[in-house]
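**Q** Give me a model of this one.
(one chain, ligands or ions: 2)
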Amino acid sequence: MPNQNLFSALRAAFPADLDSIAVETDNGLAYSWRDLDRATAMVANLLQSLDIPKSRDGVPPRVAVQVEKSVEAMVLYLATLRAGFVFLPLNTAYQSAEIEYFIGNAEPAVVVCTGKNFAWVSQIAFQAGTRHVFTLDDDRSGSLLARAAHCSDRQTPVQKRADDLAAILYTSGTTGRSKGAMLSHGNLLSNAVMLKDYWGWEKGDVLIHALPIFHVHGLFVAIHGALLNGSKMLWHGKFDPKKVIADLPRATVFMGVPTLYVRMLAEPALTKQQAAHMRLFISGSAPLLLETFNEWRERTGHTILERYGMSETIMLTSNPYRADDRYQNQSERRGGTVGFPLPGVGVRVRDDAGQPVAEGEIGNIQVMGENVFSGYWRMPEKTAEEFTADGWFKTGDVGLQDARGYVTIVGRSKDLIISGGYNVYPAEIEGYLNYMPGVAESAIVGVPHPDFGEVGVAVVIAKPGARLDADGLVGALKAKLANFKIPKRCFIASELPRNTMGKVQKNLLRDQYKALFDRS
Ligand code: MCA
Ligand code: AMP
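**A** Ligands and ions are numbered 1, 2, ... in the order given. Next comes the predicted model:
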């Protein structure tokens, strides 16, 4: 049986000329393919040399990583695969309570954090039984690289089967705590191989990488896409619309969440001429407004290809790349839709009773395929709840599929806000607010926002006799939660609207506050 290690497949796609450039960074560094090969071998050797059990209950050690974006952070991801360990990326915005939960839940053997956070992260990690905490900063400093420098630059990727665990991605829960979606080498590789073909990756393609690398979009879709095609990446440490636009003449592919497109459209430098060398602009992670889709076409002459995915499934549907697509004879990229089920992905729409809905009717989107995760880390009951009896995964997204097969997402049955491409779960924030002094109850709702697409607004009710200060509440939340989860506005109200069953009617609140951030 050939090795199914995802790293081996990515390594096999490196170009023959290992001295050509694989990554160029926006701060003037260049990495060759040989550099990537050697550096991943050294870090993999370091991981393998640590005094930790190679597997417990059949699961390899987890490597939890909360570091700023850098090429070395990508190297750490690839090295983790290469060593046969399990990668656990964490958003850099997460604060101590959030990190404490992830580390306690995943029990990583290795934690890698920034030098700045070492004191508090290592305290949490050692208390949870982690054996090794390393640091890695975005200027190539830290103990991880210092230790890896002493390791050999040759290493044979650890033998893996397709269903062996490769990564755990935490997705917040609509109720209760975050769940770790378990993705296998086979989930990730099958999706990447299919997308290489579906999106027409070709020789000479150059990707602008401007997304964070702790979520599916930047870590898997973008990096796997470029590596599997042996394509150079122009690496942006942080998204800056001006810098991305300046790089367009040297690139062919760009991937972004809708906020990135909105921000680039605000730049006069974005013109047809500037984008003339580009082959493909891809958007996903959040709904792309038709207005943005149309404006982009007018300004650049390019039609954005919108696709849809999840942490649990990687990519599910996509608008077609080719005008005469050979997969389904598809023809156009249609704004407002997320395109067709990708090859090998089953998509069906069901009503609340689980029965099929008529073509074009709205219902719950369920999916199946080699790309779909095996379950949530140590949560068999939650896993069982999210799959149907006949094995389809319930996405929590609500949508329809029309007669031609285009899928449109119209909403979500899960109480989730997607803000600038990040998921914000109202239940988590309400959980914190409701325990603050003087708070009787609260509701967080998502409302339209011109930059982030959608943002959270808090409505809080005081306990009898208590006086609440909205700024104080927001300040207290900031001390506990990642910054992107903080409601952009907070209102103190006398009561929450409820239906006859006593359930808070969030739709009424959304309606009430929907014009709060109107551009006008
Ligand atoms: C930053 N802020 C935000 C967000 N980002 N608020 C709401 N939503 C956000 N996404 C807040 C900060 O808290 C801060 O507030 C203020 O905005 C400025 O912060 P700053 O860090 O300067 O913002 P930024 O660097 O300009 O970041 C905006 C961004 C970033 C570039 C749009 O959010 C981003 O990179 N988003 C991409 C997320 C992503 O990759 N998602 C893919 C998930 P204050 O000043 O008050 O503190 S993967 C996925 O969903 C699936 C599987 C899929 O289909 O791809
Ligand atoms: P995550 O939990 O971060 O993996 O986010 C997955 C969710 O993002 C999906 O369930 C959808 O609700 C949403 N999503 C991803 N891509 C799109 C898109 N193109 N349009 C609308 N929603 C999207």
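**Q** Could you say which helix or strand holds A286?
**A** Following DSSP states H and E, one finds A286 outside all helices and strands.
**Q** same deal with S442?
**A** Per DSSP H and E, S442 falls inside strand 439-449.
**Q** can I get the CA coordinates of that strand in CSV?
**A** What follows is strand 439-449, C-alpha atoms only, in CSV (Å, rounded to 0.1, in the frame of the first residue of the first chain):
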residue,chain,number,x,y,z
VAL,A,439,-27.2,40.9,33.8
ALA,A,440,-30.5,39.0,33.7
GLU,A,441,-30.2,37.8,30.1
SER,A,442,-28.8,38.7,26.7
ALA,A,443,-29.2,38.0,23.0
ILE,A,444,-26.6,38.4,20.3
VAL,A,445,-27.8,38.8,16.7
GLY,A,446,-26.0,39.3,13.4
VAL,A,447,-26.8,42.4,11.4
PRO,A,448,-25.5,43.5,7.9
HIS,A,449,-22.2,45.3,7.9
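**Q** Near ligand 2, which residues of the stretch 251-400 of the chain? Just list them.
**A** Residues of the stretch 251-400 of the chain lying near ligand 2 by CB under 6 Å from any ligand atom: 284-287, 306, 308-311, 338, 395-397. Placement of C-beta: from N, CA and C, glycine included.
**Q** Please report the distance of the residue of the stretch 301-450 of the chain found nearest ligand 1 from E454.
**A** Nearest to ligand 1, among the residues of the stretch 301-450 of the chain, is G420, at 2.4 Å (CB to the nearest ligand atom). Per CB to CB, to the nearest Å, G420 is found 9 Å from E454.
**Q** Can you check which residues contact both of those two?
**A** Overlap between the neighbourhoods of G420 and E454 consists of A286, taking contacts as CB atoms under 8 Å, 6 or more residues apart in numbering.
**Q** could I get the residues of the stretch 251-400 of the chain next to ligand 2 as TSV with pLDDT and neighbour count?
**A** Shown next, in TSV, are those (pLDDT from 0 to 100; neighbours: other CB atoms under 10 Å):
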residue	pLDDT	neighbour count
G284	98	25
S285	97	27
A286	97	21
P287	97	20
E306	98	25
Y308	98	28
G309	98	24
M310	98	22
S311	97	20
V338	98	26
T395	97	24
G396	96	17
D397	97	21
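**Q** of all those residues, which two lie farthest apart?
**A** The largest separation in those, counting by CB to CB, is between E306 and G396 at 19.0 Å.
**Q** most remote residue from this protein's center?
**A** In the chain, G465 marks the outermost C-alpha relative to the chain mean, sitting 43.2 Å out by CA atoms, centre = their mean.
**Q** re the thing from before, adjacent strands (with direction) for the strand holding S442?
**A** Paired with strand 439-449 in the same sheet, following DSSP bridges, are strand 453-462 (antiparallel).
**Q** chain center to the partner strand: distance?
**A** Distance, stretch centre to chain centre, for strand 453-462: 23 Å (CA atoms, centre = their mean, to the nearest Å).
**Q** so after that strand, what's the next helix or strand?
**A** helix 470-478.
**Q** Touching, F134 and A148? I think so.
**A** No: with contact defined as CB atoms under 8 Å, F134 does not reach A148; the gap is 9.1 Å.
**Q** how about the residue of the stretch 301-450 of the chain closest to ligand 1, what does it touch?
**A** 257, 259, 286, 451-453, 484.
**Q** Can you select the buried ones from those residues in ChimeraX?
**A** With 16 or more other CB atoms under 10 Å as the criterion, this ChimeraX line picks the buried residues out of the contacts of G420:
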select :257,259,286,452,453,484
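**Q** out of the contacts of G420, which are inside strands?
**A** Those of those mapping onto strands are G453, per DSSP state E.
**Q** Can you lay out the contacts of G420 as TSV showing distance to ligand 1?
**A** Output for the contacts of G420, formatted as TSV (distance: CB to the nearest ligand atom, whole Å):
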residue	distance to ligand 1
V257	5
T259	4
A286	7
D451	8
F452	5
G453	9
F484	4
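**Q** Distance to S184 for the contacts of G420 - can I get that in JSON lines?
**A** Output for the contacts of G420, formatted as JSON lines (distance: CB to CB, whole Å):
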{"residue": "V257", "distance to S184": "25"}
{"residue": "T259", "distance to S184": "31"}
{"residue": "A286", "distance to S184": "26"}
{"residue": "D451", "distance to S184": "36"}
{"residue": "F452", "distance to S184": "32"}
{"residue": "G453", "distance to S184": "31"}
{"residue": "F484", "distance to S184": "29"}
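**Q** For L290, grab the count of nearby residues.
**A** By other CB atoms under 10 Å, 12 other residues sit near L290.
**Q** and it, what are its phi and psi?
**A** As for L290, its main-chain torsions (degrees, to the nearest 10) stand at phi -60, psi -40.
**Q** Next: E98.
**A** phi -70, psi -50.
**Q** residues in contact with S318?
**A** Here S318 is in contact with 195, 198-199, 305-308, 338-340, 342 (CB under 8 Å, 6+ apart).
**Q** 6 Å - rerun?
**A** Going by CB atoms under 6 Å, 6 or more residues apart in numbering, S318 touches 307, 339, 342.
**Q** before we move on, what about H217?
**A** For H217, counting by CB under 6 Å, 6+ apart, the contacting residues are 211, 285.
**Q** And the residue nearest to the spatial centre of the chain, how far from ligand 1?
**A** What sits nearest the mean C-alpha location of the chain, by CA atoms, centre = their mean, is H215, with 2.8 Å. Noted for H215: a distance of 3 Å to ligand 1, by CB to the nearest ligand atom, to the nearest Å.
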